[in-house]
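**Student:** Any chance you could fold what I've pasted below:
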Amino acid sequence: MASKKNRRRHRSKERPLNHQKTDEARELKGREVPTGNGLRVAEVRLRPDLPTTHFDAKDLLLSPGDWVLVEGPHGPEVGQVVLEPVFYPGLKGSLPMVLRRASVKEINRYHKILAQEDQAWDVCETKIQELGLEMKLVRVERLFDGSKIIFYYTADGRVDFRQLVKELVRELRSRIEMRQIGVRHEAKMLGGLGTCGRELCCASFIRDFDAVSIRMAKEQSLPLNPNKISGICGRLLCCLVYEHQVYVDLKKEMPKFGKRYCCPHGEGKVIRHNIFRRTVTLELQDGREIDVPIEQVKAKEES
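**Tutor:** This next block holds a predicted model:
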C-alpha cells in the first residue's frame, strides 16, 4: 500500500504558469486594483498534490499564501493563492471566481478533509485487496461540503464494485462515487518527470487532452520507436501536438516525397526534407545524395 507521504505530495517549488512581466500583464505591486476592460487572474492550488488553477480575482487584494474560497468544479472549495492577481487588459472570457477570503473555520475544515481523504484511501485499499478486485486506486477526493467521496481508479476492464461501495458506505458513512479514469488522467493526477527531464506537461499546465496520432510523429520526421515517442502513461507524447501545425504549414512549401525534380546538379528523387533549413535531399541518377535549397528545385517538365 502506498504511504500517505507518497499519496499527498507537496511540490517543492510553486511555479507560475508562464506569467511574464510585460506591458500587457501588469503585476499588482502597489496594492491597487486597475480599472478598464480585462481580467485579474490569480493562481490558486486546491490540493497540495494538484496543479494550480486560474481564477478571476475580481477586485480582491490577494498575496501568495492567502487562503480563499473559490468556485470549484463541485461547488465552493478552499484553496491557497500561489501567484497574486495579474491584470490582463482586454482579456475576455469566463473563469471560475475567487469568492472571498476563507474563514479560519473553513481553513480548518480544509485540513480536516485532507486527513479524511487519507483515511478513506486506507479503507478503500484494504477493501480492494480483501475483495480481490482488479483495479488500481489513484486518488481520493472528498467534496468540501462533505456530501460525497470520489474514488478515482484505473482498470483494464469493467469492475463489479457494488460490494466495495456497500462496504465503503458502511465504513465511511458518506455517499460514494467510483470514477474510472484512463492512463493519461492517471499520469496527470500522480505527476512525475517526462523523458525531457521536466515536470509532466499534463501535471503542470495541460487542462484538457488533445488527440494525438502517430501521423504527427511521422510528419515531424521522428523515429517511430515507441520508447521515444511515448510518455510514462504509455500513450503518445502530448507534446507531439505543440509543433504539429508548424510542420504541416511549412511542408506545404516543400517538394513532395518520392517525386522527381530538377536542380543545378541534375535530376533526382526527393528522399528527405529539412523544413527548418528549407532544403531537400535528392537522390541523383548516379546514386549520389545531395542537399539542395528548395528555391533551386524545379518540377521535372513533362515530355
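
**Student:** Which secondary structure state does Glu77 sit in?
**Tutor:** strand (DSSP: H, G, I helix; E, B strand; the rest coil).

**Student:** for Val44, same thing?
**Tutor:** When classified by three-state DSSP, Val44 comes out as strand.

**Student:** can you tell me how far it sits from Arg139?
**Tutor:** For Val44, the distance to Arg139 equals 19 Å [C-beta to C-beta, to the nearest Å]. For every residue, glycine as well, the C-beta is placed using N, CA and C.

**Student:** next one: Ala120
**Tutor:** Distance from Ala120 to Arg139, by C-beta to C-beta: 11 Å.

**Student:** Give me the common contacts of these two.
**Tutor:** Phe151 (C-beta atoms under 8 Å, 6 or more residues apart in numbering).

**Student:** which stretches of the stretch 1-150 of the chain have low pLDDT?
**Tutor:** 1-36 (pLDDT under 70).

**Student:** can you give me the strands for it?
**Tutor:** When secondary structure is read from DSSP state E, counting those that start in this stretch, the stretch 1-150 of the chain shows strands at 26-27, 38-45, 53-56, 67-72, 75-89, 98-101, 136-142, 148-154.

**Student:** cool, the stretch 201-303 of the chain as well?
**Tutor:** Counting by DSSP E, counting those that start in this stretch, the strands of the stretch 201-303 of the chain are 260-263, 266-274, 279-284, 289-293, 298-299.

**Student:** Quick one: list the elements packing against the shortest one.
**Tutor:** To tie it back to what came earlier, the one meant is strand 298-299. If you count contacts as 3 or more C-beta pairs under 8 Å, 6 or more residues apart in numbering; DSSP states H and E, strand 298-299 packs onto strand 260-263.

**Student:** Contacts for the strand it packs on, please.
**Tutor:** 255, 267-270, 280, 282, 290, 292, 296-301.

**Student:** From the strands of the stretch 1-150 of the chain, pick the one with the highest average neighbour count.
**Tutor:** Per residue and on average, the most neighbours among the strands of the stretch 1-150 of the chain fall to strand 38-45, with a mean of 22 (mean count of other C-beta atoms under 10 Å).

**Student:** Give me the distance between stretch 79-95 and the centre of its chain.
**Tutor:** 19 Å (C-alpha atoms, centre = their mean, to the nearest Å).

**Student:** do stretch 233-248 as well
**Tutor:** On C-alpha atoms, centre = their mean, the centre of stretch 233-248 falls 13 Å from the chain's centre.

**Student:** cool, and stretch 200-215?
**Tutor:** Relative to its parent chain, stretch 200-215 has a centroid offset of 5 Å by C-alpha atoms, centre = their mean.
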